[in-house]
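Chemist: turn this into a structure:
(chains A and B)
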Amino acid sequence: MEQLISTSSPHIHSGASSRRIMLDVIIALLPASVAAVVIFGMKALAVLAVCVVSAVAAEALFNVLVHKPQTVGDCSAIVTGLLLGLNLSTNVPLWQCAVGSVFAIIVVKCLFGGLGHNFANPAIAGRVFMLLAFSAVAGGAMPAGAELATGATPLELLPAGVSDQLPSLWEMFIGLCGGAVGETCALALLLGYVYLVVRKVIKWYVPAIFIGTVFVCCFIASGDVVLALYEILAGGLFLGAIFMATDYVTTPINAHGRMLFAVGCGLITFIIRWFCRYPEGVSFSILIMNILSPYLEKWTARKPLGG
Amino acid sequence: MKKKVSRLKVPHNKHTAGCASVPVAPPPEVVLPMSMHSGAPAEPVVQVGDYVRVGQLIGKEGGEISSPVYATISGTVSAIEPVKLNTGRTVTAIRIKGDGKMEKDPNIQVPEVHDLDSFLAAVQKSGVVGLGGAAFPVWKKLDAVRTNPVHTVLINGAECEPYITSDHRLMLEHADQIVKGVEYLRTYLKAEEFIIGIENNKPDAIAHLEETFKDDPSVKVMAMESVYPQGARQILLYNATGKVVQPGQRLASLGVIVINVTSLAKMAQYLTDGMPLVDRCVTVDGSAVAKPGNYVAPVGTSVGYMIEQAGGFSEPAGKVLLGGPMMGRTTTTLSEPIVKATGAILAFNQKDSAQMEPTACIHCGRCVENCPIGLNPTAFARDLEIEDEAEKVAALDKHNIKLCMECGCCSYVCPAHRPLVQNNREGLALSKKAARAKKEGGK
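Modeler: Numbering: from 1, shown residues only, chains lettered A, B, ... in the order given. Here you go, the predicted model:
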């Protein structure tokens, strides 16, 4: 008889793993990635590839240099790289993509202790860093085959109100407009949303509340349903709400905290877009709410049974 | 409105639900620890060399909260010695070499019960403790009726732990004892309402008891959702009655008593035929067991003998445990005895016993979402890293560590395989220790 193992209960496990969750997120990002390449051409593929490769390489190298156990196997660096890439436009030089990716992984994630210890979403922080360091990240690029290679994105045009210059709502929904490669096709992003909800990786309400808050605020402010619809389809709202406002590490751990987080994101996005006429509402709103996250968690803690 | 407090669906794996209980052949030896209950250990009243018969008292109560121990086979006392149990405690145990005859103690007689005092005295003598796992002496639980009138008796037949079907079999095979138990509690505790809570994965047991009690409007068979840990006292109480017991509060002060269905039946059995708790039904199952089933065995029978009775190992076992997979304890030796509250023996093959390495917490919130009490296990993990002992305990207490019932839901769902409930146990121990020190210091 071999030695019997002695361990503390429980002796069975749900089978869930962090790696599986990350793989699910990657799978959910595939429709948007494919849409990016279809809409923006091979340049989009180059952006995504450079971001993913440099993110993974940066994490692997960091672990080697500081003698930490190798963690690239958890696939979280792929998620960060892919998300950052989807947040950039084809106008961004590839070397800048690489720098942004390395910043996201090294400065935002690894220096804080790696997966689970960062206070801000690495992809968002990477994008904001690139925005400040290299100015344009999302604007400018038009779908492959468009008459003009560059132009204003719908988000930049919206402050002037609904006009002929804007693409139709349908074109906006399927992604035929300017912007970051992964943010324009709401349809593809929604497919990913459904997948993540079905796989129970994310809660349905976080993106719904985020997008809903922006919609309601825009509708109240303008009284125009069409404009409000344009607002939610423009820019990175779907991408941010579905994939970044649902990041576990940088959002509250409890349901009510997450709901409040989503409301806050929606409000800040609206304020930045509406009053500042500034097209970076989603990134900054999530970043600001990331910082507030521990407080939201504290304020919304559940009252235990018998406590 | 009632909250939904437990939601975790674990695979039931009730493979043995259809296996009628069969008695094992008399074991060659039993080891009877003097502490198979919470409270003070019993004290041996026999000596090495004594011949004992089934049902004969061998350990008398050793304190105010205690429970007597009876010989479970006939034979000769071969040793009275300290034995290390899988709980980590070392307790005095009486070893009996069996003669295979299973001769009953001739002095056994049906106890005379005519009022509350004689009823409680009889229950005390029965040796019955909480057989669902808590092992709290049943008479002491019922004794609360002296200070708090009991209106509702909640009979726990939930059996929410995967694999275990011993309570299930009892409800199918010995409904008559449940009927008697209800009658005793009605007569002597003056209880008016009886709720038998059963998870809806046992439709046959629900139907059988509904049929049994169809002419008794005071007994309600309640089909409960099959979610773990439906059978935990606090959860069952809340889901069945909407009541919540606060820490330090006695359940009886709410006018409710919760009793495990097998405990009730065993109590009724003693009151009817005078045979105290000497045997019980144990589910033997798991991927390394050849013939899973339900086996009625004398208390004190070794785990190894039980597995032999169940056809032995079908493949090398990695882990053997007493109890269910969510809260049961492993043993490293097959000579480990089954105790009064052992409802199952599970043996898992090497593959099912593999341990997963913990990775970093990704803050996914599954532990929080699935905690039936509504605690935050990640907060306890953080608290335990505080260096200052007093601050650590203060933080743990602030996060309500005392409410943790160690059900294991948090560890079960954790995708990072973190030892969450294990942390909680450490935290609970620290908190209890500090509370004790404070109490003693205050005297």
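Chemist: and the helices in the chain?
Modeler: The chain I'm using is chain A. For chain A, helices defined by DSSP state H occupy the ranges A:18-40, A:42-65, A:76-86, A:94-102, A:122-134, A:154-157, A:169-174, A:186-198, A:205-222, A:225-233, A:237-239, A:255-275, A:281-299.
Chemist: let's do chain B instead
Modeler: Counting by DSSP H, chain B has helices at residues B:116-126, B:138-143, B:166-173, B:175-189, B:203-212, B:233-241, B:261-273, B:303-309, B:350-353, B:366-370, B:377-383, B:389-398, B:409-413, B:420-442.
Chemist: for A:G175, which of those helices is the nearest?
Modeler: For the helices of chain B, the distance to A:G175 is smallest for helix B:366-370, at 33.0 Å, taking Cβ to Cβ. Where C-beta positions appear, they are placed from N, C-alpha and C, glycine not excepted.
Chemist: what sits up against the closest one?
Modeler: Here helix B:366-370 makes contact (Cβ atoms under 8 Å, 6 or more residues apart in numbering or on different chains) with A:16, A:253-255, A:302, B:7-8, B:375-378, B:409-415, B:420.
Chemist: narrow the residues you listed to those that are buried.
Modeler: Neighbour counting by 16 or more other Cβ atoms under 10 Å in any protein chain shown classes A:16, A:253-255, A:302, B:8, B:375-378, B:409-415, B:420 among these as buried.
Chemist: can you list the helices of chain A in TSV and add distance to chain B and mean pLDDT?
Modeler: Supplementary listing: the helices of chain A in TSV, determined by distance: least, Cβ to the nearest Cβ, whole Å; pLDDT from 0 to 100:
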stretch	distance to chain B	mean pLDDT
helix A:18-40	5	96
helix A:42-65	13	96
helix A:76-86	8	96
helix A:94-102	20	95
helix A:122-134	13	92
helix A:154-157	31	82
helix A:169-174	31	92
helix A:186-198	12	97
helix A:205-222	11	97
helix A:225-233	26	93
helix A:237-239	21	96
helix A:255-275	7	96
helix A:281-299	9	94
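Chemist: can you redo these as JSON lines with distance to B:G39?
Modeler: Formatted as JSON lines, the helices of chain A follow (distance: least, Cβ to Cβ, whole Å):
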{"stretch": "helix A:18-40", "distance to B:G39": "43"}
{"stretch": "helix A:42-65", "distance to B:G39": "53"}
{"stretch": "helix A:76-86", "distance to B:G39": "50"}
{"stretch": "helix A:94-102", "distance to B:G39": "62"}
{"stretch": "helix A:122-134", "distance to B:G39": "54"}
{"stretch": "helix A:154-157", "distance to B:G39": "70"}
{"stretch": "helix A:169-174", "distance to B:G39": "68"}
{"stretch": "helix A:186-198", "distance to B:G39": "50"}
{"stretch": "helix A:205-222", "distance to B:G39": "48"}
{"stretch": "helix A:225-233", "distance to B:G39": "64"}
{"stretch": "helix A:237-239", "distance to B:G39": "61"}
{"stretch": "helix A:255-275", "distance to B:G39": "40"}
{"stretch": "helix A:281-299", "distance to B:G39": "40"}
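Chemist: can you list the buried residues in stretch A:92-101?
Modeler: By neighbour count on 16+ other Cβ under 10 Å, the buried set for stretch A:92-101 is A:V92, A:L94, A:Q96, A:C97, A:A98, A:V99, A:G100, A:S101.
Chemist: deepest of the helices of chain B, which one?
Modeler: Mean neighbours per residue, mean count of other Cβ atoms under 10 Å in any protein chain shown, is largest over the helices of chain B for helix B:409-413, with a mean of 27.
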